[in-house]
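Enquirer: the following block contains a protein sequence and its predicted model.
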Amino acid sequence: MSQNMDSSSKEKKSVQSREDEESGVENLQGQTMINHEPGNPHQTLRREFKPRQVNMLAIAGAIGTGLIIGTGTGLSRGGPASLLIAFIITGSLIYFVMTALGEMAAFLPNDQGFNGYASRYVDPALGFATGWNYFFTYAIVLPNNLTAAGLIIQYWRPDLNVAIWVTVFAVLVISINVLHVGSFGEAEFVLSTIKIITLVTVMITCLVVSLGGAPAHGRVGFQYWKDPGAFAEYLQPGTLGRFLGFWACMVQACFSYTGTEVVGSAFGETPNPRVTIPSAIRQTLWRICFFYIIGVLTLSMAVPYNNERLVGATKAQVSAAASPYVIAMAIGGIKVLPDIVNACLLVFVISSANTDIYVGARTLYSLAKDGHAPAIFLYTTERGVPMYGVAATSVFVLLGYMNVSKSASSVFGYLVSLVTVFGALNWISVLTSYIGFRRGMKAQGIERDQLPYRGPLQPYGAWYALGLTILIILFNGYNAFMPKFDPATFVTCYIGIAVYLINIFGWKFIKGTKRVKANEMDLVTGRREFEVVEELERTRVRQLSIQNNHSQPTMAVSPLLAPPVEAASATQQRSTSSPLKRTLSAVSSANGTPKPAKAAKPGAGLPADDLIEQMNRAEANKYVTTKFLGEGTYAIVHKGYEKAKPSNIVAIKMIKVQKEYTDGMAPDAVRELKHLQELSHPNIIALRSVYSSNSQNLCLVLEYLPLGDLEMLIRDASGIIYGGADIKAWMGMLTRAVWFCHENFVLHRDIKPNNLLIAADGEVKLADFGLARSFADPYRVMTANVITRWYRPPELLYGARHYSGAVDVWSVGCVFAELVLRKPYLPGNNELDQLSLICSELGSPTEDNWPGVSKLDQFTAPSEPLSPVPSKERMMVQFGTAGADGVDLLMKTLTLDPRKRITAKEMLKHPWWHSQPKPTRKEDLPKKKTGAEQKFAADQARQPGQVDEKMAKVARKLDFGAPK
């Protein structure tokens, strides 16, 4: 269809085609989560973790033998005070690690794990090292946990070989991980619940023992802090020995906290991550305070550090006898609980092994996604399970059979110590990534209050945690030098650092990676997709409120705008009813409003239909029609006023019945009514009321805007003179309107000067919502056949079907340019010409300046020679009257890559608004009165998305079907 094709029948076919293309994608019903992503369905994870599962994973997912058994090692070496202080200090460290991770993950949720953030914010080489470091952390500890499970079984059946139980439990945890992410989440939820019950039980038991409630133990309180004392000597006598004991507790605490960050691996499979992630981080704080700090405090009250059984306990031993909590029960003479606790210890190690496979598989997936591992690890089943990643991680189970022999067990003990170093190195990667992330935010002018989650005391907490972690790693191997040098211990404690650094610098050398510059850091990709997801639940709650209250929440001006839902549903069956009643049902459906089973009776003894007709007549009688303003194929517009307040002038827009559409109403009319009901803002045209006329037409009562539209001012170069201050005022009003639409999840999809109407006081109002669409799900398919051609962004010209507010921002940029030039900036004659103009003025789209553009459905490579993206100096030549800041804002609105395009919210924070000249007061803005009222009427009478008939030669029409 050419630009001059203005046949109403053909246009209606275009509109209907657009409706068919977007059918079934408007309502916000169903689960408020993202279950799929664009692209290969066998290379995507599924966001099917339930919030309760994520929270439980945050609370108890990483609690294992390090806490319930390993704390005995720290107590025997450092004493109760050293142990408590060490757990408090290390707890603060891990809390800052988690809040740093939470800020990054809530701002930009991704399924690439910690290595994804390291590659994005620091250096791809750090991402490579982080990913493999994290993978080996869990791959190595997996067979150790399975062996531990076998050793626990030997507590009851010492006659059975540990290898048997390694096999049994390996099959169990592998099966859980290959079924479904929901299977893992539910299994971990149950296991973690048992862990919490166990920990609470042993903590209460320790408290009872210390207070004298045990059968064979008197009240001691804090007696053990005095005798044998609060601080123990380790390796050396005196003050040095007490310090070494404290440092041994620090290392032990580090081991016990290792894995706390595991919940971060689940963020990529979490629905509504911007709500779930902050909640999970808060759960981490409570876990640190309760299970770790209070746990070691109660333990220190019940068990003296010089207890003979405790001295023999080390973290390499795994059985009920090695647990300091079981020792506390033995001291108190409690004979039943040790067997129960031993069974619960089995749950601990099975849970840990289950998590090991999950984390290892997801880490390989994220490594492959970054190109740091073979692409085969990207493959996922239809249920979103990275099957090859699960298989590769499961191979390490074989090391569990090596651990069966005594000599191999000694070697494997060193590998477990290595895991502790790897765990601390993971924290360094997270903290370094976060510091880089904040560096990029500062360079790109992103304020911290824009973060969905803000951790306390950041970024200072990150620097503190980073320094402390480095200190722990460097002095982790102090015992390799005392009392004499032990090469095996030295290698175990420091080889992890060497591997980490070799991976970083080796990858940099091989791939030539560079440190990510702050001003070039990608803080956009993936961000806008989730800015709407965080509010899906709020949208559902609002809709449920509509259901419960049987009313639309946004307008109370007219009772007809909020009819009883049951009444509206009843009228749907009557084809002879008024268009109001037919449209009410359509609006309810367009809003995704659920139909309640029952509703309150709309009136005392009156049928629903009669009540609505009475309300309709009452509403129609509120207004008086005075002056005919104009008529088009779509509507007739009159001037009028409110009877009760004659000074309240309104415009009454009577939409004509169109028989070719269901219920006689064009979808554009229904959509316009829907969005005008929802949106109330000073810079959006106001809908005062709605009723049906005697001639079966739907009448919209709108605010009266007598000064025409912005297009009139732009065109009248001889009669209207305006400057930079006026442009800034108009742009401010437009930007605020677009921001409000986007905050309420509405895309306008047809922003242009003749949709910007002017009120009597000079206020600019955004109108014509006939092409608007809700966009609460970033993966919802939408049509590319929207936005008038001169203002259409390149992604729509290339056939993009997944988009959000960036399409409106491009149109705003085109309006900005038109205000400065006083003529259209990109006036293409057809879509091919439009793309050519964009390439010549703003640069040719390539994979370098727009990653992924070549994958769009209708992409065609731009012709040679390629045009470069214009520099600011070049743009200043053309748009210099807007000032340097104005040109900067313009360039950000007209960025080719929609993921890097500025948002309406960010536009409002741009320094241009605060530069000179200041925006003109709306009362002082230039106004054109001649012909303005007629122009307003013509704007309202035309079909949405079109210019009025007198402007037929103006290429501002939607031209569907033009050659690509």
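Expert: Okay, I see it.

Enquirer: regarding Leu702, what is its secondary structure?
Expert: Here Leu702 is recorded as strand under DSSP: H, G, I helix; E, B strand; the rest coil.

Enquirer: in terms of contact, does it touch Ser689 like I think?
Expert: No. At 9.2 Å, Leu702 and Ser689 do not qualify as touching, with contact defined as Cβ atoms under 8 Å. C-beta here means a position set from N, CA and C on the backbone, and glycine is covered the same way.

Enquirer: how's this structure carved up into domains?
Expert: 60-522, 533-596+608-703, 710-951 (automatic domain parsing).

Enquirer: avg pLDDT for the longest one?
Expert: Computed over domain 60-522, the mean pLDDT rounds to 80.

Enquirer: got it, and stretch 764-779?
Expert: Across stretch 764-779, pLDDT averages out at 79.

Enquirer: can you show me the CA trace of that stretch as PDB?
Expert: Included here for stretch 764-779 are C-alpha records, laid out as PDB according to Å, rounded to 0.1, in the frame of the first residue of the first chain:
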ATOM      1  CA  VAL A 764       0.400  20.300  25.800                       C
ATOM      2  CA  LYS A 765      -1.800  17.200  25.900                       C
ATOM      3  CA  LEU A 766      -1.000  13.800  24.400                       C
ATOM      4  CA  ALA A 767      -4.000  12.400  22.500                       C
ATOM      5  CA  ASP A 768      -5.100   9.700  20.100                       C
ATOM      6  CA  PHE A 769      -4.700   6.400  22.000                       C
ATOM      7  CA  GLY A 770      -6.200   4.300  19.200                       C
ATOM      8  CA  LEU A 771      -2.900   2.400  18.600                       C
ATOM      9  CA  ALA A 772      -1.900   2.200  22.300                       C
ATOM     10  CA  ARG A 773      -1.200  -1.100  23.800                       C
ATOM     11  CA  SER A 774      -0.400  -2.500  27.300                       C
ATOM     12  CA  PHE A 775       3.000  -4.000  27.600                       C
ATOM     13  CA  ALA A 776       3.300  -5.800  30.900                       C
ATOM     14  CA  ASP A 777       5.100  -8.800  29.500                       C
ATOM     15  CA  PRO A 778       8.400  -8.100  27.600                       C
ATOM     16  CA  TYR A 779       8.100 -11.400  25.600                       C
END
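
Enquirer: list the buried residues of that stretch.
Expert: Under the neighbour-count criterion of 16 or more other Cβ atoms under 10 Å, stretch 764-779 has 764-778 buried.

Enquirer: those: which two are farthest apart?
Expert: Largest separation among those by Cβ to Cβ: Val764 and Asp777, giving 30.5 Å.

Enquirer: show me where the stretch 51-200 of the chain has helices.
Expert: Using DSSP state H, counting those that start in this stretch, the helices assigned to the stretch 51-200 of the chain run over residues 51-60, 65-68, 71-107, 113-121, 124-153, 162-179, 181-210.

Enquirer: immediately after the host helix or strand of Met615, which helix or strand?
Expert: Met615 belongs to helix 608-620 when assigned by DSSP states H and E. Next in sequence after helix 608-620, counting helices and strands by DSSP H and E, comes strand 623-631.

Enquirer: just checking: what are the partner strands of that following strand?
Expert: strand 635-642 (antiparallel) (DSSP bridges).

Enquirer: past the partner strand, which element shows up next along the chain?
Expert: Strand 635-642 is succeeded, C-terminally, by strand 645-655 (DSSP H and E).

Enquirer: just want the angle from that following strand to strand 635-642.
Expert: Angle, strand 645-655 to strand 635-642, by axes from the mean of the first three to the mean of the last three Cα atoms, to 10 degrees: 160 degrees.

Enquirer: which secondary structure elements does strand 645-655 sit against?
Expert: With contacts taken as 3 or more Cβ pairs under 8 Å, 6 or more residues apart in numbering; DSSP states H and E, strand 645-655 sits against strand 623-631, strand 635-642, strand 698-703, helix 932-941.

Enquirer: mean pLDDT lowest for which of those?
Expert: helix 932-941 (a mean of 64).

Enquirer: what about Leu756, distance to Asp750?
Expert: Per Cβ to Cβ, to the nearest Å, Leu756 is found 11 Å from Asp750.

Enquirer: who touches both of those two?
Expert: The contact sets of Leu756 and Asp750 do not overlap (Cβ atoms under 8 Å, 6 or more residues apart in numbering).

Enquirer: burial measure for the nearest residue to Val764 once chain neighbours are set aside, as a count.
Expert: Excluding the flanking residues, the one nearest Val764 by Cβ to Cβ, 6 or more residues apart in numbering is Met733, at 4.0 Å. For Met733, the count of nearby residues is 22 (other Cβ atoms under 10 Å).

Enquirer: please tell me I have it right and Ala148 contacts Val349.
Expert: Yes. Contact status for Ala148 versus Val349: in contact at 4.4 Å, counting by Cβ under 8 Å.

Enquirer: more neighbours: these two, which one.
Expert: Neighbours were counted for Ala148 and for Val349 using other Cβ under 10 Å; Ala148 has more, 32 against 23.
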